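Colleague: attaching a predicted model along with its sequence, questions to come.
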Amino acid sequence: MIQEIFPHKFDNHYSGNLMPDDDSIVFHFQEGKVLSCSDSQNPFPKYSQIKIPDCLVYLFSVDERKYFLLLDTVAIPPENYSYREAKSIRHAENVVKLNVFVLFTALHLWKWYMNNRFCGFCGGDTVIDSQERALVCVHCRRKIYPRLNPAVIVGVTDGDRLLITRYARNKGVSYDALVAGFTEIGETLEETVEREVMEEVGLKVKNIRYYKSQPWGFSGGILAGFYCDTDGSSEINLDVSELSSAEWVQKSDIKGQPDNFSLTNEMMINFKNSESV
């Protein structure tokens, strides 16, 4: 999955005092697009290529390399760099998993910084806290911390069949997927599983069992994977506003996704290769 970057080690401990060196990576986003080049091995600019120290915010480290975010300024792209959709880097030929992981994590934090430039309580300006990963309102001193959106990925099973879906919103994308959705206020994760399956495909489920979790910075989420069994009828009643298709697929016919980044893909392949889940 995307976070499995061994032997590299990810360190998200925040320090407001860390400074970049020439080898540090700098992320800069414009309208959700990231400054990058076509080199799949090294797509993001180094500090030596884009030196604007006063606007840099430390994000995290991987091994000895530090990663920073360039905020609230206009950058002059180095030669051969431009602003590209984050998804295009994931789907690039010979893509490196580590690069996708750090990009999605940086994108998550960039969205949080941009969405909280003003205090939601009093409307005051916010500034970056020097002691921890937080923003502080200059007026009421309220602290704002990064937000995680809990969501579920659901492998609905019916004997040796797995329910495979495709999203309605991803027109032109042929990825197989599983039922998924965000947890609502007052729900447990298991209740989210029941609700999302009923809403998207009209099925009742039982034997809900946890599998594994995954950070997914692209949506600002923490994903929890569950398997469950049909409870009664296996007839699908599709919510066409959410899904373009949903069908039962035999184990032997499961294809998975083109890369091994997602929890969804791992759950599909795990079901395909396991005697039981």
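Modeller: Arrived safely.

Colleague: and stretch 71-85, how far out from the chain's middle?
Modeller: Here the centre of mass of C-alpha atoms in stretch 71-85, compared against the chain's by CA atoms, centre = their mean, to the nearest Å, lies 22 Å away.

Colleague: typo on my end, stretch 149-158
Modeller: Chain-centre distance of stretch 149-158: 15 Å, with CA atoms, centre = their mean.

Colleague: tell me which residues in it are buried?
Modeller: Neighbour-count burial for stretch 149-158, counted by 16 or more other CB atoms under 10 Å, picks out 151-157. In this view, the C-beta of every residue, glycine as well, is placed from N, C-alpha and C.

Colleague: pull the most distant pair out of the residues you listed.
Modeller: Using CB to CB, these reach their maximum pairwise distance at Ala151 and Thr157, which is 19.7 Å.

Colleague: coming back round to it: quick check: of the buried residues of stretch 149-158, which lies closest to Ser15?
Modeller: Lowest distance from Ser15 to the buried residues of stretch 149-158 (CB to CB) belongs to Ala151, with 29.7 Å.

Colleague: could you point out the longest strand in the chain?
Modeller: Looking only at the chain and at elements set by DSSP state E, the strand with the highest residue count is strand 205-216.

Colleague: give the pairing partners of that strand; include direction for each.
Modeller: Strand 205-216 has its sheet partners listed here by DSSP bridges as strand 221-230 (antiparallel).

Colleague: and the partner strand, average pLDDT?
Modeller: Confidence over strand 221-230, taken as the mean pLDDT, stands at 97.

Colleague: do the same with stretch 119-134
Modeller: The pLDDT scores in stretch 119-134 average 94.

Colleague: before we move on, the earlier item: which ones among the buried residues of stretch 149-158 are found in strands?
Modeller: 151-157.

Colleague: quick one: low-confidence ranges for this protein?
Modeller: Low-confidence segments of the chain, defined by pLDDT under 70: 170-174.

Colleague: any idea what the most centrally placed residue in the chain is bridged to?
Modeller: Central residue check for the chain by CA atoms, centre = their mean: the C-alpha nearest the mean position is that of Trp216, 2.2 Å away. In this structure, Trp216 has beta-bridge partners Gly221, where bridges are defined by DSSP bridges.

Colleague: quick one, what contacts it?
Modeller: When the contact criterion is CB atoms under 8 Å, 6 or more residues apart in numbering, the partners of Trp216 are 2, 104, 151, 222-223, 262-263.

Colleague: just the buried members of those?
Modeller: Among these, those scoring as buried are 2, 104, 151, 223, 262-263 (criterion: 16+ other CB under 10 Å).
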